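here is the input, now give the coordinates:
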Amino acid sequence: MKASTFFTTENAPRYLGTLCKHFGHKVPVTQEPGAGRIELPFGRCELRADATGLGLTATASDRPTLDRIIDVISSHLDRFAFRENPELTWTFTEGAKA
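Predicted coordinates:
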């Protein structure tokens with residue numbers, strides 16, 4: 001299963017870097033300019049940053065696990081981007097493979 005959201009911000013590259021650096025102390029992370037991937041033990045989150053904002057796509061094997069990834073990533077982004085108060089609306093794709 002997959003879920004995606006987009007956070008409109010001028011600070012997308014900074015938030016992408018902060019999320020990748022934070023999680024990189026705990027789990028495998030890959031990062032390159034404008035993109036990142038966080039490999040949690042129960043699924044993953046892919047990040048894309050551009051001039052308009054930060055795109056996030058979470059992938060997991062089932063809905064409860066996907067919800068867990070969304071909670072973890074969203075709570076961290078809320079903390080890092082507290083000045084902008086991210087209001088994330090996730091769109092779910094049923095049947096996508098993890």
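
tell me where the chain has helices.
Ranges of helices in the chain, per DSSP state H, are 12-24, 63-80.

buried residues in the longest one?
Yep, that's helix 63-80 we're talking about. The neighbour-count check on helix 63-80 (16 or more other Cβ atoms under 10 Å) flags 65-70, 72-74, 76-77, 80 as buried. Heads up, the C-betas are built off the backbone N, CA and C, glycines and all.

likewise stretch 82-92?
Result for stretch 82-92 [16+ other Cβ under 10 Å]: buried residues 86, 90.

Ser61 and Pro41 touch, don't they?
No: taking contacts as Cβ atoms under 8 Å, Ser61 lies outside contact range of Pro41: 12.0 Å.

more crowded one of these two?
With neighbours defined as other Cβ atoms under 10 Å, Ser61 and Pro41 compare such that Ser61 has more, 12 against 7.

hang on, the earlier thing: adding mean pLDDT, write the helices of the chain out as CSV.
Formatted as CSV, those follow (pLDDT from 0 to 100):
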stretch, mean pLDDT
helix 12-24, 98
helix 63-80, 97
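
look up how far Asp78 lies from Phe6.
Look at Phe6 and Asp78: by Cβ to Cβ, to the nearest Å, they are 15 Å apart.

for Phe42, same thing?
Counting by Cβ to Cβ, the gap from Phe42 to Asp78 is 20 Å.

tell me how many other residues surround the closest residue to Phe7 other than its chain neighbours.
Ranked by Cβ to Cβ, 6 or more residues apart in numbering and with sequence neighbours excluded, the top spatial neighbour of Phe7 is Leu54, at 4.6 Å. For Leu54, the neighbour count with other Cβ under 10 Å is 25.

one more: Thr59?
That count, for Thr59 with other Cβ under 10 Å as the rule, works out to 20.
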